[in-house]
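# any chance you could fold what I've pasted below:
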Amino acid sequence: MPLLHSPPVTLTSLRKKRGFTQRQLAKLAGVTAQYISLLERGERPVTERVGRKLMGPLKCSLQATGASRRSRTPIQ
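Next up, the predicted model:
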């Protein structure tokens, strides 16, 4: 499956730096662990809405999450 987005290099490293598993971060952010995995692999974009959910647990800026204001990627 081709990547929809290049994965935010910092998302995985931020999560690991804070000592969270994908499951722990997902619970804190109110998303599923599967969704965190998709974000980290670049198979889903980090939307602004999800980026805001990740900011608190990761103690980072919206920009650091790799969030984009675009909520969907057009199919090419």
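
# going by C-alpha atoms from here, please, whenever you check contacts or count neighbours.
OK.

# what about stretch 46-66, how long is it end to end?
Its first and final residues considered, stretch 46-66 spans 6 Å by C-alpha to C-alpha, to the nearest Å.

# for stretch 41-48, same thing?
Stretch 41-48 end-to-end distance (C-alpha to C-alpha) = 17 Å.

# report the distance from that stretch to the chain centre.
6 Å (C-alpha atoms, centre = their mean, to the nearest Å).

# for stretch 36-45, what is the distance to the chain centroid?
Computed by C-alpha atoms, centre = their mean, the chain-centroid distance of stretch 36-45 equals 6 Å.

# what about it, average pLDDT?
For stretch 36-45, the mean per-residue pLDDT is 93.

# same check, this time on stretch 52-66
Stretch 52-66 comes out with an average pLDDT of 93.

# show me what counts as buried in that stretch.
By 16 or more other C-alpha atoms under 10 Å, the buried positions in stretch 52-66 come out as Arg52, Lys53, Leu54, Met55, Pro57, Leu58, Leu62, Ala64, Thr65, Gly66.

# what's next to it, contact-wise?
Stretch 52-66 is contacted by residues 8, 10-11, 14-15, 18, 25, 28-30, 46, 48, 51 when judged by C-alpha atoms under 8 Å, 6 or more residues apart in numbering.

# of the residues you listed, which is the most crowded?
Val46 (29 neighbours; other C-alpha atoms under 10 Å).

# so it touches Ala67, yeah?
Yes - with contact defined as C-alpha atoms under 8 Å, Val46 counts as touching Ala67 (4.6 Å).
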